[in-house]
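> Quick one: sequence and predicted model below, then my questions.
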Amino acid sequence: MSQLKKGAILSYVNIGLTNLIGLVLTPFIIRSLGDSEYGLYVLIGSLIAYLSLMDLGLNNTIIRFISKYRAEGDRAGEQNFLGTIFLVYIAISLLIVFIGVLFYFNLDRFFSKSLSVEQTDKAKIMFQILIFNMAITLPGGAFTAICNAYENFVWPRMVSIIKYISRAIIIVAILSFGGKAISIVITDTILNIIFITITIVFVFKKLHIKFGFEEINKKSVKTIFSYSIWIFLLAITSQFIWNAGQVILGTVTDTKTVAYYAVGVMLGSYYGAFSGAISSVFLPRATQMSINNTKSEILNTMIRLGRISLLILLFILTGFILFGREFIMLWVGENYKSSYIIAVIFMLSYTIPLILSFVNSLVEAYNKVRFKVTVYFIFFPLGLILGYYLSKEYKEIGMMLGVSLGWLMAQIVMLIFYHKGLGLNMFVFFKQVSHKILILVVSIFILSWILNSYLSSNISLLILKIFTYTFLYWAVMYLWGMNESEKKMLKIIKK
């Protein structure tokens, strides 16, 4: 099996494992920390997430340019490119520390109305540790990007799987002995240092990467940033739309409300992670296809990937709508009932973009990110403004409604762009992708909804219902929904 297929499968294994660990670990963390401290932990994490954008889109830039240099056989150009990137990352790390110091001395003012003195002191400690963490994590991510550019997908995904498992075990042990949010932050930092070091050794020893510094000049830096700046701005807007809601709620409500919102967003982000699984392994291939393939060939690839994504996504979405409320009540308690509504809104608004995840790689390959960024810059702030006003009346649910409306308006514009701007027939795409699947899903969902409404639930019954629905969904899809190619792929995965 090729690295591409293994990488795609391992990406889904990684996502499934991450989601499973998150689902098991989150209620334990909430009960160990309490709602208020968990909300504080999430709030500071949301602030740091903005600094993670200082990557400036360089990871995707590394993938694109190394793929290009490898296709051209330009080893010297690749080495000088990596040398330039290395120096840029050093500058970024220093800038992160500088910005972090400015934030640190103003945390009191930002959250003076919502945090107590004790909470502010804890926030400052966590913030310092996370700034150091970010200063080393961003440059370290470049080495994972190098692996992806070389289409060596197995190693970084295996490392990621081991990292998540190790983190879960250590956090359970630490919290069991009375550790708090600061302990989690320290654990994450130490693990990042260890696993970044492992990836660096792999890149130099196995891929034989060399950094060249002979021809570093302003033109090289300009070439890099002329592409990466738009990836950076896209990342800013994408991060902004979901994390800003937590920060806004942290300033106008309290940390408990932030916690309820964060749990809903977290469940939605597990769903959204399937986009990254496709995009991360297909960006190099999309770059090649944009040069060597016709629009009809690209559309056929989109349809194949879109159908696979739709089968998986509708299974998760319908299953969560049916059983998510009961699950959350049993998982983290009655206080988090609004998290169910937030997660459902998130998942519904994200479904179409996830089906089109391969197109995201094409947008980068065609160097059309500027248009997408412009659209997001127009509609995302509108969504946040609407969410801010709705949150005054409806708190966390109002915030999610506003944010999702801004997101959906942006996606409608992008669909028109894919159809007219990129010349991809979206009517054919949606017709072929949904062929047989939608009507079967609706039938299964209605039948399961009727049966579910007559059954009260405890954890044993909930597990039984989920397993029954899983068997029913995939049995019906295998018999009547999947085409021969998809059935063959399922057999390969099973093997």
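Done, it's in. Numbering: from 1, shown residues only.

> Tell me the first helix or strand C-terminal of the helix ranked longest in the chain.
Looking across the chain with DSSP state H, the single longest helix is helix 369-416. Next helix or strand after helix 369-416 toward the C-terminus (DSSP states H and E): helix 426-434.

> Looking at the host helix or strand of Leu447 now, give me its mean pLDDT.
Assessed by DSSP H and E, Leu447 sits inside helix 437-453. When pLDDT is averaged along helix 437-453, the result is 79.

> where in the stretch 351-495 of the chain is pLDDT low?
Along the stretch 351-495 of the chain, segments meeting pLDDT under 70 span 361, 364-365, 367, 451, 454-457, 489-495.

> quick check, distance from the helix holding Leu447 to the centre of its chain.
How far helix 437-453 lies from its chain's middle: 29 Å, per CA atoms, centre = their mean, to the nearest Å.

> Give the buried residues for the next helix or strand after it.
The element immediately downstream of helix 437-453 (helix or strand, assigned by DSSP H and E) is helix 459-476. By neighbour count with 16 or more other CB atoms under 10 Å, helix 459-476 contains the buried residues Leu462, Lys465, Tyr469, Tyr473, Val476. For the C-beta atoms, the positions are set from N, CA and C on the backbone; glycine is no exception.

> thinking the third one is in contact with Ile321, fair?
No. Using CB atoms under 8 Å, Tyr469 and Ile321 do not qualify as a contacting pair, with a distance of 11.0 Å.

> just the helices in the stretch 251-400 of the chain please.
255-292, 295-331, 337-355, 357-365, 369-416 (DSSP state H, counting those that start in this stretch).

> domains for this protein, by residue range?
Annotated domains of the chain cover 1-230, 253-495 [automatic domain parsing].

> and of those domains, who's closest to Val247?
Minimum separation from Val247 across the domains of the chain (CB to CB) falls at domain 1-230, 5.5 Å.

> what about that closest one, average pLDDT?
For domain 1-230, mean pLDDT is 77.

> how about the helices of the stretch 251-400 of the chain, which one is nearest Gly83?
helix 255-292 (21.2 Å).

> Report the distance from the longest helix of the chain to the chain centre.
18 Å.

> and if you look at stretch 175-185?
Per CA atoms, centre = their mean, the centroid offset for stretch 175-185 relative to its chain is 25 Å.

> List the buried residues of it.
Leu175, Gly179, Lys180, Ala181, Ser183, Ile184, Val185.

> Output that stretch in PDB with nothing but the alpha carbons.
In PDB, the C-alpha atoms belonging to stretch 175-185 read as follows (Å, rounded to 0.1, in the frame of the first residue of the first chain):
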ATOM      1  CA  LEU A 175      -4.900  15.000  37.800                       C
ATOM      2  CA  SER A 176      -5.500  11.900  40.000                       C
ATOM      3  CA  PHE A 177      -2.800  13.200  42.300                       C
ATOM      4  CA  GLY A 178      -4.400  16.600  42.600                       C
ATOM      5  CA  GLY A 179      -2.800  18.400  39.600                       C
ATOM      6  CA  LYS A 180      -4.600  21.400  38.100                       C
ATOM      7  CA  ALA A 181      -4.700  23.300  34.800                       C
ATOM      8  CA  ILE A 182      -1.100  24.500  35.100                       C
ATOM      9  CA  SER A 183       0.000  20.900  35.300                       C
ATOM     10  CA  ILE A 184      -1.700  20.100  32.000                       C
ATOM     11  CA  VAL A 185       0.100  23.000  30.400                       C
END
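
> Name the residues that touch it?
Outside stretch 175-185, the residues that touch it by CB atoms under 8 Å, 6 or more residues apart in numbering are 28-29, 32-33, 37-38, 40-41, 122, 125-126, 129-130, 133, 171, 174.

> May I ask which of those residues has the most neighbours?
The most crowded member of the contacts of stretch 175-185, judged by other CB atoms under 10 Å, is Leu40 (28 neighbours).

> quick one: which helix or strand includes that residue?
helix 35-51.

> and the very next helix or strand once past that helix, what other elements does it pack with?
Next along the chain after helix 35-51, taking DSSP H and E as the criterion, comes helix 58-72. For helix 58-72, the contact count by 3 or more CB pairs under 8 Å, 6 or more residues apart in numbering; DSSP states H and E identifies helix 75-104, helix 117-149, helix 218-252, helix 255-292, helix 357-365 as packing neighbours.

> how big is the angle separating helix 58-72 from helix 75-104?
Orientation of helix 58-72 against helix 75-104 (axes from the mean of the first three to the mean of the last three CA atoms, to 10 degrees) gives an angle of 180 degrees.

> For helix 58-72, buried residues please.
Buried-residue list, helix 58-72, by 16+ other CB under 10 Å: 58-70.

> I'd like these laid out as TSV, including distance to Ser93.
TSV is the format used below for the buried residues of helix 58-72 (distance: CB to CB, whole Å):
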residue	distance to Ser93
Leu58	12
Asn59	15
Asn60	19
Thr61	17
Ile62	16
Ile63	21
Arg64	22
Phe65	21
Ile66	21
Ser67	25
Lys68	26
Tyr69	25
Arg70	27
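
> Show me the two of those that sit farthest apart.
Pairwise over the buried residues of helix 58-72, using CB to CB, the maximum falls at Leu58 and Arg70, 17.7 Å.

> tell me the contacts of Lys337?
Neighbour list for Lys337: Arg325, Ile328, Met329 [criterion: CB under 8 Å, 6+ apart].

> Just the closest of these to Leu267, please.
Using CB to CB, Ile328 comes nearest to Leu267 of the contacts of Lys337, at 8.0 Å.

> ok, how many other residues are close to the residue lying closest to the closest one once chain neighbours are set aside?
Spatial nearest neighbour of Ile328, chain neighbours left out: Tyr340 (5.0 Å); criterion: CB to CB, 6 or more residues apart in numbering. Residues near Tyr340, counting by other CB under 10 Å, number 20.

> Confirm for me that Tyr340 is in contact with Glu326.
No. Assessed by CB under 8 Å, Tyr340 is found out of contact with Glu326, at 9.1 Å.

> about what we covered before: which helices and strands sit right next to the helix holding Leu447?
By 3+ CB pairs under 8 Å, 6+ apart, helix 437-453 packs against helix 295-331, helix 459-476.

> Quick check: which of those helices is nearest to Leu356?
Closest approach to Leu356 among those (CB to CB): helix 295-331, 7.0 Å.

> Could you check how far that closest one is from the centre of its chain?
15 Å.

> in that helix, what counts as buried?
Residues 298-299, 301-311, 313-329, 331 are the ones in helix 295-331 that count as buried (16+ other CB under 10 Å).

> Which helix or strand contains Ser166?
According to DSSP H and E, Ser166 maps onto helix 154-176.

> Now do that helix against helix 117-149, angle only.
With the same axes, to 10 degrees applied, the angle from helix 154-176 to helix 117-149 works out at 160 degrees.

> buried set for helix 154-176?
Going by neighbour count (16+ other CB under 10 Å), the buried part of helix 154-176 is 155-157, 159-160, 163-164, 167-168, 170-171, 174-175.

> quick check, nearest of these to Asn148?
Closest approach between the buried residues of helix 154-176 and Asn148, by CB to CB: Pro156, at 7.1 Å.

> neighbours of the closest residue to Lys210 other than its chain neighbours, just the number please.
Closest residue in space to Lys210, ignoring its immediate chain neighbours: Gln79 at 5.1 Å, by CB to CB, 6+ apart. Other residues near Gln79 come to 18 when the count uses other CB under 10 Å.

> is it true that Gln79 touches Phe211?
Yes. Taking CB under 8 Å as the definition, Gln79 is a contact partner of Phe211 at 6.4 Å.
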